[in-house]
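# Pasting the sequence and the predicted coordinates here, then a few questions.
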Amino acid sequence: MYLLPEMFSFFPQHHGPTRRRAIALVVAACAAALTATAWRCVPSALGAGKTEPPTLLAAAHDSIGNGVSASHLWITLRKPDGAFLLLHRTNETPDDVIYRALQAQGNPIAMAAYGSDLYVVFNDNTVQVIRPYATPMMGPSPVEFTQLRPLPKQAELIDIIADRTGPIVLLRMTGGDASGDAADKTTDKASGESTPDAPAERADGLRLLSLGGYEWTPIALPPELPPDLPTDTRRLRLVRFSDNLGATEFGVLDAPKGADAALYRYRDAKWSAAETYPMKLGDDAAAVAGANSLFVVQRDRTDRARLTVSVLRSGRVTPLRSIASLEPADAWRAVWHEGKLTTIIARVSGDVDWVRQDAQDTGAEAATPVKLGVDQPAPIEYSPVMLVVIICVVLGTFILLAGAKRAPDAVTPALPRHTELAGPHRAFAFAVDVAVPMLLSMYLFDIRNPLDVFERWVVNPTEWEDVYPGLTAIGVLIVHTTIGELLTGTSIGKAIFRCRVVDYAGKRPRVWQVLIRNLFKALELIPPFILLVMPLLSENQQRLGDMLGRTVVVRRLPGEADDDEADDASGDPSDKPDTDTSGDRSRGDRERW
């Protein structure tokens, strides 16, 4: 502080001592902050050239079902600072390109894919499923998350695969009960104390679990792999064999240190006899199944800059073309993607390379990795045919609106007698009408989550396959409701809940009115379905299509007859056929309820 008096001499003398002392303290604080910042930046600058390679995870799955072929590749780059980058590509993605799907904080340690689902295990044994679908309510990320039941707390993950029911994990238990959670407890109502239901079963050693539904269920291990097997002396790998139509088939590859590898296949709840292969597996060996074969990729024992590739089939080991140009610090993973063995390499520089090989790639020259460009997903490029269709739909809607004959005095709807506005019953009827097209689309496109049908119908589609499920469901919905309302004035769901569509005069709607009210369902089913709340806000409980088509949905009062003969027998003159010859009421049955 002995410098403060000297600092005061630089300040104007008209400032008082107190003000000059305060200014000096501020300057001293700023100088200290700059010094601390420089001190922190110097070590960073000195170590700028020393970058650590990211931890690499990869998973892929090729699916063929109902005539639709899809392939998904997921790559996770986990950085030392705790952030990870999730990349995703499909068979529709351009060659040598992969898209950014998510960047977040976390520590994923393993993942497996089946269909479009990615199962990720984090270091705290939590499990999430990630799907490449999104809605505007979920932000810009083109993926969504679902939390699954976590792994047992006392478990150490060895490997993970996935099948049609969910993930399958191979664990080494270090103590605790079979499920890994504390024993289930119930509360004694008399004493108010928590008491365990039953003694927990100890599950030390090797465990094989499958997530069927909401619980982890054990799968019996091969007899040659007892639960108390010392896993620290063996190299164990889970392998899922490609099988899209029949029962799930997977295997356990066991390679004791210094001994030959053995493969145990699991199918129809039975383990087959061991298949022995004369080869040694390293600690970094990766086992990948594809084309009715098992591939093993690992670093060369003599040349660490090279990966050796072998195919295991019928007890024989056949070497394939090796992969060169690796640095000692590069990370790599192998998966089966688009019918080829795909090796992903994460460079220390941050680049991502890959090598794709056929099952018969036995060339002598080593394969050289190709750079895999990381890019942002591009919006869908509309073809000229689709543009013509969109223009025709828009113009057709305007023509229908312009050609509609509207009565100037028909502003307030006149409901037919013995009826009322449908109210919540129209929501139930709409749910029934949309259920049939949705189930059909889920079956055709192998979709398990009903909400995924419409999630990328118009919002942020990256590929044509994102549009097809919603386009199919909406098309079937519009067609079957339009036909029903043209012929009978109702649809399947409305008929179940005794609802019917009428115009403002209480008559059966004209053709143009039915077309307009149903065509606008394509807009109302765009996520997040905001337009579907219009019946709650409008005075006459109308959708947007109802307002433009000048229609309302009514429901016959309870206890009243449903048949047309009851109306005819009442003798009400309002139910007589219209004698207007102007052409507006060309069909007499429009007046009937």
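That came through, no problem.
# In contact with the nearest residue to Val309 once chain neighbours are set aside, which residues?
Nearest in space to Val309, with sequence neighbours left out and distances taken as CB to CB, 6 or more residues apart in numbering, is Leu320 at 4.2 Å. Glycine gets a C-beta too; all of them are placed from N, C-alpha and C. By CB atoms under 8 Å, 6 or more residues apart in numbering, Leu320 lies in contact with 295, 309-311, 341, 357, 361-362.
# Export the residues you listed as JSON lines, with columns for distance to Ser116 and pLDDT.
As requested, the contacts of Leu320 are exported to JSON lines (distance: CB to CB, whole Å; pLDDT from 0 to 100):
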{"residue": "Phe295", "distance to Ser116": "24", "pLDDT": "93"}
{"residue": "Val309", "distance to Ser116": "28", "pLDDT": "93"}
{"residue": "Ser310", "distance to Ser116": "30", "pLDDT": "92"}
{"residue": "Val311", "distance to Ser116": "28", "pLDDT": "91"}
{"residue": "Leu341", "distance to Ser116": "21", "pLDDT": "92"}
{"residue": "Gln357", "distance to Ser116": "25", "pLDDT": "90"}
{"residue": "Asp361", "distance to Ser116": "28", "pLDDT": "80"}
{"residue": "Thr362", "distance to Ser116": "33", "pLDDT": "80"}
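# need those in CSV with neighbour count and distance to Thr368, can you?
As requested, those are exported to CSV (neighbours: other CB atoms under 10 Å; distance: CB to CB, whole Å):
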residue, neighbour count, distance to Thr368
Phe295, 23, 19
Val309, 25, 14
Ser310, 18, 19
Val311, 22, 20
Leu341, 23, 15
Gln357, 21, 12
Asp361, 15, 13
Thr362, 13, 17
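# Just to be sure, which of those residues are found in strands?
295, 309-311, 341, 357 (DSSP state E).
# on that earlier part again, redo the contacts of Leu320 as a markdown table? Include distance to Ala101.
What follows is the contacts of Leu320, written out as a markdown table (distance: CB to CB, whole Å):
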| residue | distance to Ala101 |
| --- | --- |
| Phe295 | 26 |
| Val309 | 28 |
| Ser310 | 32 |
| Val311 | 31 |
| Leu341 | 23 |
| Gln357 | 25 |
| Asp361 | 29 |
| Thr362 | 35 |
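# Read off the pLDDT value for the closest residue to Thr362 other than its chain neighbours.
Once flanking residues are discounted, Thr362 sits nearest to Leu320: 5.7 Å by CB to CB, 6+ apart. Confidence at Leu320, expressed as pLDDT, is 90.
# now do Gln105
85.
# so who does it touch?
With contacts defined as CB under 8 Å, 6+ apart, the neighbours of Gln105 are 82-84.
# which of those count as buried?
Phe84 (16 or more other CB atoms under 10 Å).
# Now distance to Gln147, pLDDT and secondary structure too, for the contacts of Gln105, in JSON lines please.
Formatted as JSON lines, those follow (distance: CB to CB, whole Å; pLDDT from 0 to 100; DSSP: H, G, I helix; E, B strand; the rest coil):
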{"residue": "Gly82", "distance to Gln147": "20", "pLDDT": "80", "secondary structure": "coil"}
{"residue": "Ala83", "distance to Gln147": "20", "pLDDT": "86", "secondary structure": "strand"}
{"residue": "Phe84", "distance to Gln147": "17", "pLDDT": "89", "secondary structure": "strand"}
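# Most widely separated two among the ones in strands among the contacts of Leu320?
Ser310 and Gln357 (11.7 Å; CB to CB).
# Low-confidence regions, the stretch 351-500 of the chain specifically.
Within the stretch 351-500 of the chain, the segments meeting pLDDT under 70 span 377-411, 455-466.
# The residue nearest to Val309 and Asp361: what is the separation?
5 Å (CB to CB, to the nearest Å).
# Now the common contact residues for those two.
Jointly contacting Leu320 and Asp361 under the rule CB under 8 Å, 6+ apart are 309, 341.
# any idea which helix or strand carries Val297?
For Val297, the host element (DSSP states H and E) is strand 293-299.
# Which neighbouring elements make contact with that strand?
If you count contacts as 3 or more CB pairs under 8 Å, 6 or more residues apart in numbering; DSSP states H and E, strand 293-299 packs onto strand 286-290, strand 307-313, strand 331-337, strand 340-346.
# Can you add distance to Ala324 and give those back as CSV?
Formatted as CSV, the entries for the helices and strands packed on strand 293-299 read as follows, by distance: least, CB to CB, whole Å:
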stretch, distance to Ala324
strand 286-290, 17
strand 307-313, 8
strand 331-337, 12
strand 340-346, 11
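# Could you look up the SS state of Ala59?
strand (DSSP: H, G, I helix; E, B strand; the rest coil).
# Need the pLDDT of it.
pLDDT, Ala59: 91.
# Please tell me I have it right and it contacts Leu87.
No. Using CB atoms under 8 Å, Ala59 makes no contact with Leu87, being 11.2 Å away.
# where do the contact lists of these two overlap?
Common neighbours of Ala59 and Leu87 (CB under 8 Å, 6+ apart) are Trp74.
# tell me which element Val432 is part of?
Short version, using DSSP H and E: Val432 is in helix 424-444.
# And the following helix or strand past that helix, what does it pack against?
The first helix or strand that comes after helix 424-444 along the chain, using DSSP H and E, is helix 464-488. With contacts taken as 3+ CB pairs under 8 Å, 6+ apart, helix 464-488 sits against helix 424-444, helix 492-496, helix 511-519, helix 521-524.
# which residues sit against the second one?
Applying CB under 8 Å, 6+ apart, the external contacts of helix 492-496 come out as 422, 426, 428-433, 436, 480, 484, 488, 499-501, 553.
# All set, thanks.
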